[in-house]
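Asker: build me a structure from this.
(one chain, ligands or ions: 1)
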Amino acid sequence: MENEAMGGHVMVPVERLSLELPNGEIVVGYDKDVSALQEEISALRSRQRHLDRRRREALDKLIDLKGSIRVFCRVRPLVQTNNLKTKSPVTVEQEKIAVKSVGIKKEFSVDRVFDQESTQEDVFQEVKPILRSALDGHNVCILAYGQTGTGKTYTMEGTDGKLGIVPRAIQELFSLASEDSSSPYSFSISMLEVYLGSLRDLLAQRQPLFRPMECSTSCNLSILATKSGAVEVEGLTDVSIPDLKKANQWYCRGRRARSTSWTNVNDASSRSHCLTRITIRRHGATEEVSKLWLIDLGGSERLLKTGASGLTMDEGKAINLSLSALGDVIAALRRKRSHVPYRNSKLTQILSDSLGKEHPLYQFGSFSFPETL
Ligand SMILES: Nc1ncnc2c1ncn2[C@@H]1O[C@H](COP(=O)(O)OP(=O)(O)OP(=O)(O)O)[C@@H](O)[C@H]1O
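Answerer: Below you'll find the predicted structure:
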């Protein structure tokens with residue numbers, strides 16, 4: 001039976017309710033059953049709306065209680081280039097991590113520590129609730145930061161067969177949206193790179209050349225703020241993603257366009273901040289738009305350690321400057337300062353409508369030892 005949903009009521013064309021008996025007689029007599037069904041459907045719809053509202057309120061309360069900023073730490077396992085004989089100086093508890101070596105001990109308290117055995121799935125389970133928040137209309141950020149080579153890209157992008165947060169989050173959004181019959185959603189994707197203080201569109205049809213001095217269009221995009229306070233990057237490609245397959249195709253294309261180069265500590269080091277933005281449109285009586293930012297920050301490195309020189313050194317300096325601006329913004333938000341210095345870097349300007357009291361932020365800090373000491 002084909003139903004047409006209109007404002008919470010289900011319209012059933014009456015002619016479809018007639019039944020032709022084998023003797024040719026036409027019976028039209030289901031009106032009563034249908035109207036009972038219609039009432040039931042409308043009661044269920046209203047119950048679903050009520051539960052939806054309650055769920056949103058509960059999630060908002062949780063954000064209020066726990067704070068909108070949550071910090072996680074992931075410890076990267078030793079990789080082949082490390083001295084495998086080194087005894088691990090890391091002691092991990094659920095919400096605490098201590099790093100000890102040559103008489104120095106540092107302790108960090110976080111919302112949760114993921115030890116070296118943690119899987120991509122373990123990490124993703126922690127992220128799931130925030131995706132519901134994004135679908136509910138909040139602008140949300142998930143970002144990974146840490147020193148070069150400590151596993152930021154692994155955590156965000158992952159590898160084939162060990163998918164990271166971004167591909168899993170995209171998949172989860174489609175799955176949550178398909179389960180939610182109260183309102184239809186549509187998604188679009190943009191990807192950009194903050195490279196040497198310029199913005200580069202990673203999904204542009206014609207990719208600008210690799211180095212900034214050779215950049216033409218799609219490089220050095222400007223950031224605009226609308227009257228309502230929303231932030232937009234002028235001319236940034238935003239492609240509609242009707243299904244998961246298309247979403248993954250565009251995401252892979254953006255990843256390929258990222259700037260990477262070799263450093264002493266990572267042979268495919270990301271030399272920029274890579275921002276993936278999923279715009280979520282919830283189509284109802286009024287259209288609600290929210291943004292999910294998934295960010296793989298460039299390595300917070302000690303320039304000498306990475307063996308950087310020339311352009312690679314400039315890239316490192318630019319990364320450090322904008323990370324320090326981001327750190328200042330997050331510190332001001334944590335301390336509930338009246339002035340938040342969003343304007344000090346392109347990275348913080350872009351995120352200024354998505355970092356704040358009512359916008360959940362999940363930070364994944366990663367490190368490997370002994371670099372941390
Ligand atoms: N949890 C992990 N399990 C297994 N391998 C990991 C893990 N984290 C990182 N690695 C591996 O360590 C290497 C460096 O990781 P990755 O490139 O993600 O570091 P990064 O922090 O993004 O570095 P950069 O800032 O230079 O881009 C990669 O080969 C990656 O596959």
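Asker: let me see the contact set for the closest residue to residue 353 other than its chain neighbours.
Answerer: Spatially, and ignoring its direct neighbours in sequence, residue 353 is nearest to residue 231 (4.5 Å; C-beta to C-beta, 6 or more residues apart in numbering). Where you see a C-beta, it was placed from the backbone N, CA and C, and this is true even at glycine. Listed by C-beta atoms under 8 Å, 6 or more residues apart in numbering, the contact partners of residue 231 are 223-225, 349-354.
Asker: try 10 Å
Answerer: Neighbouring residues of residue 231 by C-beta atoms under 10 Å, 6 or more residues apart in numbering: 139, 223-225, 291, 342, 349-354.
Asker: which of the residues you listed fall within strands?
Answerer: In this view, those that belong to strands under DSSP state E are 223-225, 291.
Asker: is the residue nearest to residue 353 bridged to anything, and to what?
Answerer: Beta bridges link residue 231 to residue 225 when assigned by DSSP bridges.
Asker: against the ligand, how distant is it?
Answerer: 25 Å (C-beta to the nearest ligand atom, to the nearest Å).
Asker: can you pull the pLDDT of that residue?
Answerer: Per-residue confidence (pLDDT) for residue 231: 91.
Asker: kindly report the same for residue 23.
Answerer: As predicted, residue 23 sits at a pLDDT of 67.
Asker: strands along the stretch 1-150 of the chain, start to end?
Answerer: Secondary structure of the stretch 1-150 of the chain, counting by DSSP state E, counting those that start in this stretch: strands at 4-6, 9-11, 18-20, 26-28, 69-75, 90-92, 96-101, 104-109, 112-114, 140-146.
Asker: so the last one versus strand 69-75, what angle?
Answerer: What it means is strand 140-146. 40 degrees (axes from the mean of the first three to the mean of the last three C-alpha atoms, to 10 degrees).
Asker: what lines up beside strand 140-146 in the sheet?
Answerer: Sheet pairing of strand 140-146 (DSSP bridges) gives strand 287-296 (parallel), strand 361-367 (parallel).
Asker: now do that strand: distance to the chain's middle.
Answerer: Here strand 140-146 shows a centroid-to-chain-centroid distance of 8 Å under the convention C-alpha atoms, centre = their mean, to the nearest Å.
Asker: same thing with the fifth one?
Answerer: Averaging C-alpha positions (C-alpha atoms, centre = their mean) puts strand 69-75 15 Å from its chain's average.
Asker: wait, does that strand contact the ligand?
Answerer: No. Using C-beta under 6 Å from any ligand atom, strand 69-75 never reaches the ligand; the gap is at least 6.6 Å.
Asker: angle of that strand against strand 104-109?
Answerer: Strand 69-75 runs at 140 degrees relative to strand 104-109, counting by the same axes, to 10 degrees.
Asker: what of the last one?
Answerer: Interaxial angle, strand 140-146 versus strand 104-109 (the same axes, to 10 degrees): 170 degrees.
Asker: average pLDDT across strand 140-146?
Answerer: Mean predicted confidence for strand 140-146 is 91.
Asker: what packs against the very next helix or strand once past it?
Answerer: Using DSSP states H and E, the helix or strand that follows strand 140-146 in sequence is helix 152-156. In terms of contacts (3 or more C-beta pairs under 10 Å, 6 or more residues apart in numbering; DSSP states H and E), helix 152-156 is packed against strand 69-75, helix 120-135, strand 140-146, helix 165-179, strand 266-270, strand 273-283, strand 287-296, strand 361-367.
Asker: how close does the residue most central in space within the chain get to the ligand?
Answerer: Nearest to the geometric centre of the chain sits residue 294, at 3.0 Å (C-alpha atoms, centre = their mean). For residue 294, the distance to the ligand equals 14 Å [C-beta to the nearest ligand atom].
Asker: quick one: contacts for that residue?
Answerer: The neighbours of residue 294, taking C-beta under 10 Å, 6+ apart as the test, are 127, 140-144, 156-157, 164-167, 169-170, 191, 251, 274-278, 362.
Asker: so of the strands of the stretch 1-150 of the chain, which one's packed in deepest?
Answerer: Mean neighbour count (mean count of other C-beta atoms under 10 Å) peaks for strand 140-146 among the strands of the stretch 1-150 of the chain, with a mean of 25.
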